[in-house]
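Chemist: below are the sequence and a predicted model for it; my questions follow.
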Amino acid sequence: MSGGWSGIPWSWNIVTDVRLLWSFEFMRNAVEAGTIIGILAGIIGYFVVLRRSAFASHALGHTGFSGAAAAVLVGVSPVYGLLIFTIATASGMAVLGNRASNRDVEIGTVLAFALGLGLLFLSLYNGYAQEAYSILFGEVLGISSSEVAFTLWTSVGCLAVFALIYRPLLFASLDEDVAEAKGLPLTLLNLAFLVLLAVTISFAVQIIGVLLIFALMVTPAAIAVRLTVRSLTAVIVSVAVAVSAVWAGLFVALWTNYPASFFIVGIIFFEYVVVRGVGALRDTALLRGVEASEGEGVRSLRNAALVASVSQVLFVGGAALLVLSLLTDPGATGRPSLLYRHGYWALVAVASAAILGGASSLLYFSGFRKMATSSREFTAPTFLTLVGLLGIGFAAGGFALYLSGTALATSAYGLAPVAELFGIPLTLLGVTFAVVGLAGQAVGTWRMGLRYREGTLRAGAVLMILPIVGSGVSFLGYRRALAREPALGS
Amino acid sequence: MDAELPSHPPVYQLPAEAEVGSGPPAIEAQRVEVRYRDKLVWKDATFRINPGEFVAVIGPNGAGKTTLFRMLLGLHWPSGGALSVLGGPPRRGNYRIGYVPQRHTLDQDTHLECDKLVRLAYPGARWGPGKRWRPLQWGPRLRLQAERVAAAQALEDAGAADLGSRALGALSGGELQRIFLAEALVGNPDLLLLDEPLSNLDLRRSRELVETIHGLVRSRGVTTLLVAHDINPMIKCLNKVIYIANGNVAVGAPDEVLTSRRLSELYGFHVEVLHDSRGNLVIVGGEDDRGEEGG
């Protein structure tokens, strides 16, 4: 898949890029199939998560491997072999019983045998390596128009069946014993679910491959249930995550010449880590407030605003010096140098500004955390400033990764693109989080202004979109609040 | 409550004041014998539960309390005798019975709102998408409205009105039991079967839940059977006790059944029932000679 497409003339204009992509038939097929499968996987995945059948779905993918290998040996499209083998396995699981999907040992035994069988089939076939690779890791750009049509119509049928069994399946998944007492046919529902799962997996293998099936079948729904407790909303979010990851993965894959499967899996994994990380952060003891008086909280915030102002002065000054260096450099080497004349001082200023900025974020977080002990309305600013702190860490780490990547590029190591691929998104995510943290500082300062009826603080909160001015005004506001409220102690 | 919701048929009728002991029996058993995998569980059970009665089902582990419930639900057939439930033979899927099983599929990772579970248990809309998505069906809004109102009412009656939008996995044991109670109530049942709802609850929460259930028995007039390990939290509210032990079943008013003489007959060896100054019971020697039936 990689190589050969580097001749595509990319521009920064996304519209023309997409139009260009759309002119390739293989890309149209890939996007169409990816969209259909993303929708199906997003919906079924919600039930996989609810019923805890993640391992069963993994196992179905593995038995599908032997099916695909058998189909290749016989000389038909792998998808037919996938369908036959996975549906047969799914029916077997359903016959074994309702909870068969949780029998880890039996399922594990069968899946190992199925993988071995697939290996045998492939060794009997001549084009061993290429076929194995595309079944194991997916070959989304190799999907033909007729396969897309087949996928579409089968998926429509699956969705119709799904619409019919949605409510009873949801009930049976949540409360099996009551559903049984109410007369729902549990075995039939389980069979229908596993067969739908088998069909979805058979199609998804074409895109993402047997080994990476988990990312498309389970993780989008796992992300969705962390974001909402409503079932229909969760299904919609799950579909949106799956489909958008497939689209973005395809687009980036063609852009960078690396496998689409990696980007699809990577995007979904990254979203999962962020959702879980933010969720864990929200539950953490850090947000529960600490034993501290209100006065200590206000003083922390005053210091935070002061440190932030100094940091911003240093940053603006340093940045100005850098620009000046660039503009006045005579360019002896043909390139303007960052380090000409005032450059060293400018870099020192910007670096100290970054360190002080981190310190002020820490102080803001600590101040709001102390305030949260007195009033619940400071829990949200505490959380947001904590996200901001995390963002500073991400941005620093991501930027370091990117720099090391460019350094490696000169010594021609294969690792260089890896560092860039991870470094740039990590930096961008960190910057986004840092902006969230700034918003948290503004919201918290505004609420402090309301609490102490201090107009200067509210003005400072609004002015935080401007450098220096916002934190300066906030600092004055905190000072006035401390001076005016004797209860805070000074 | 009814005054606020005039636009649709009432979800259930409040009986004037539950008249215990009137009308045809809710459950009638005559010489019922039950086997589980060819092993005799208990035999010769003859009893009658009247509408509106609050009944505790007591007995050691494995005595066949859950089996009694499964028979009433039509999931297990008696091997002898005659059993009738709500005026007919037991049948699976009887919407006049509300059931709270002992085990549940849910766990801490169930990120779904409580309200949804209660609404899924509402009888009727079982197949196909929610009625909201069937534009051709007559009166879909009314049907959806009835389901929503019934769920809200059930949650309120179970003392869980404020839990509806919380995630199932985030609830404590006591809160979860109230949601299951609401799930059983949403179909406005005539018979409630509650299997060990008090297990894993501390004494205070047990008493609170019993108060809620007793309130339901009185206000809705719903006949209620409750399997429990410890009878003390509910002993003052009960109309009858079904005591299952050693393959025998004894049924009657609490002070008739819970005596040293009756329980010794039941177990087939000497069992002592002790009373403390506040009316609590301790049964000594009943369960594997460990004497832990009491509170």
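Modeler: Good, I have the coordinates.

Chemist: from B:Pro101, how far off is the closest residue to B:Gln177 other than its chain neighbours?
Modeler: When the adjacent residues along the chain are set aside, B:Gln177 lies closest to B:Pro197, with 4.9 Å between them (C-beta to C-beta, 6 or more residues apart in numbering or on different chains). (C-beta placed from N, C-alpha, C; glycine too.) Distance check for B:Pro197 against B:Pro101: by C-beta to C-beta, to the nearest Å, it reads 10 Å.

Chemist: same check on B:Pro90?
Modeler: Taking C-beta to C-beta, one finds B:Pro90 at 16 Å from B:Pro101.

Chemist: give me the buried stretch members for the one helix or strand A:Ala434 maps to, please.
Modeler: For A:Ala434, the enclosing helix or strand under DSSP states H and E is helix A:416-451. By neighbour count on 16 or more other C-beta atoms under 10 Å in any protein chain shown, the buried set for helix A:416-451 is A:416, A:419-423, A:425-427, A:429-431, A:433-434, A:436-449, A:451.

Chemist: with stretch B:94-114 instead?
Modeler: For stretch B:94-114, the buried set under the neighbour-count rule, 16+ other C-beta under 10 Å, comprises B:94, B:96-101, B:104-106, B:110-114.

Chemist: do stretch A:449-459 as well
Modeler: Neighbour-count burial for stretch A:449-459, with 16+ other C-beta under 10 Å as criterion, is recorded at A:449, A:451-452, A:454, A:456-459.

Chemist: ok, now which ones touch A:Tyr402?
Modeler: In this structure, A:Tyr402 makes contact with A:419-420, A:423-424, A:427, judged by C-beta atoms under 8 Å, 6 or more residues apart in numbering or on different chains.

Chemist: now do the same contact list for the residue lying closest to A:Tyr478 once chain neighbours are set aside.
Modeler: If the residues on either side of it in the chain are set aside, A:Tyr478 comes closest to A:Arg302, at 3.6 Å by C-beta to C-beta, 6+ apart. By C-beta under 8 Å, 6+ apart, the contact set of A:Arg302 is A:475, A:478-479, A:482.

Chemist: can you check A:Ala90 too?
Modeler: A:Ala90 makes contacts with A:60, A:191, A:194-195, A:197-198, as judged by C-beta under 8 Å, 6+ apart.

Chemist: quick one on the thing from earlier: which SSE is the residue nearest to A:Tyr478 in?
Modeler: Element membership of A:Arg302, judged by DSSP H and E, is helix A:294-328.

Chemist: C-terminal to that helix, what's the next element?
Modeler: From helix A:294-328 onward toward the C-terminus, using DSSP H and E, the following helix or strand is helix A:343-374.

Chemist: the residue nearest to A:Tyr478 and chain B, how far apart?
Modeler: Separation of A:Arg302 from chain B (C-beta to the nearest C-beta, to the nearest Å): 37 Å.

Chemist: now swap in A:Val252 and tell me
Modeler: Taken as C-beta to the nearest C-beta, the span from A:Val252 to chain B is 30 Å.

Chemist: am I right that B:Leu83 sits in a strand?
Modeler: Yes. According to DSSP: H, G, I helix; E, B strand; the rest coil, the state of B:Leu83 is that of a strand.

Chemist: in the sheet, who's paired with it?
Modeler: Listed beta-bridge partners, B:Leu83: B:Ala29 (assigned using DSSP bridges).

Chemist: quick one on the thing from earlier: which of the contacts of A:Ala90 tops the neighbour count?
Modeler: A:Leu60 (32 neighbours; other C-beta atoms under 10 Å in any protein chain shown).

Chemist: spit out the contact partners of that one.
Modeler: Residues near A:Leu60 by C-beta under 8 Å, 6+ apart: A:86, A:89-90, A:194, A:197-198, A:201.

Chemist: now the residue in the stretch 51-200 of chain B that chain A sits nearest to. Nearest residue, chain neighbours left out?
Modeler: Distances from the stretch 51-200 of chain B to chain A, computed as C-beta to the nearest C-beta, single out B:Gly93 as the nearest residue at 2.2 Å. With C-beta to C-beta, 6+ apart as the measure, A:Gly183 is the residue that lies nearest to B:Gly93, at 2.2 Å, once sequence neighbours are left out.

Chemist: likewise for A:Gly393?
Modeler: Spatially, and ignoring its direct neighbours in sequence, A:Gly393 is nearest to A:Gly430 (7.0 Å; C-beta to C-beta, 6+ apart).

Chemist: the one you found is in contact with A:Leu401, isn't it?
Modeler: No. At 10.8 Å, A:Gly430 does not count as touching A:Leu401 under the criterion of C-beta atoms under 8 Å.

Chemist: rewinding a little: most widely separated two among the contacts of A:Ala90?
Modeler: Spatial extent of those (C-beta to C-beta) is set by the pair A:Leu60 and A:Leu191 at 13.6 Å.

Chemist: just to revisit the earlier point, which of the buried residues of stretch B:94-114 fall within helices?
Modeler: Counting by DSSP state H, the part of the buried residues of stretch B:94-114 found in helices is B:Cys114.

Chemist: any residues of the stretch 51-200 of chain B in contact with chain A? List them.
Modeler: If contacts are counted using C-beta under 8 Å from any C-beta of the partner chain, the residues of the stretch 51-200 of chain B sitting beside chain A are B:73, B:75, B:92-93, B:95, B:97, B:99-101, B:103-106, B:110-113, B:116-117, B:120-121, B:123, B:125-130, B:133, B:165-168, B:183-184.

Chemist: where does the prediction get shaky in the chain?
Modeler: With no chain named, the answer covers chain A. Applying pLDDT under 70 to chain A flags residues A:1-12, A:97-102, A:127-128, A:285-289, A:329-342, A:409-416, A:489-490.

Chemist: um, chain B though
Modeler: Within chain B, the set of residues satisfying pLDDT under 70 comprises B:1-23, B:124-143, B:286-295.

Chemist: domain-wise, how is it divided?
Modeler: Using automatic domain parsing, the domains assigned to chain B come out as B:16-96+B:191-295, B:107-188.

Chemist: of those, which is nearest A:Gly470?
Modeler: For the domains of chain B, proximity to A:Gly470 was assessed by C-beta to C-beta; domain B:107-188 is nearest, at 37.0 Å.

Chemist: distance between the ends of that closest one?
Modeler: Across domain B:107-188, the terminal residues are separated by 26 Å (C-alpha to C-alpha, to the nearest Å).

Chemist: what about A:Leu389, neighbour count?
Modeler: As a burial measure, the neighbour count of A:Leu389 was computed by other C-beta under 10 Å and equals 20.

Chemist: name the nearest residue to it, sequence neighbours excluded.
Modeler: Nearest residue to A:Leu389 in three dimensions, chain neighbours excluded: A:Ser361, at 5.3 Å (C-beta to C-beta, 6+ apart).
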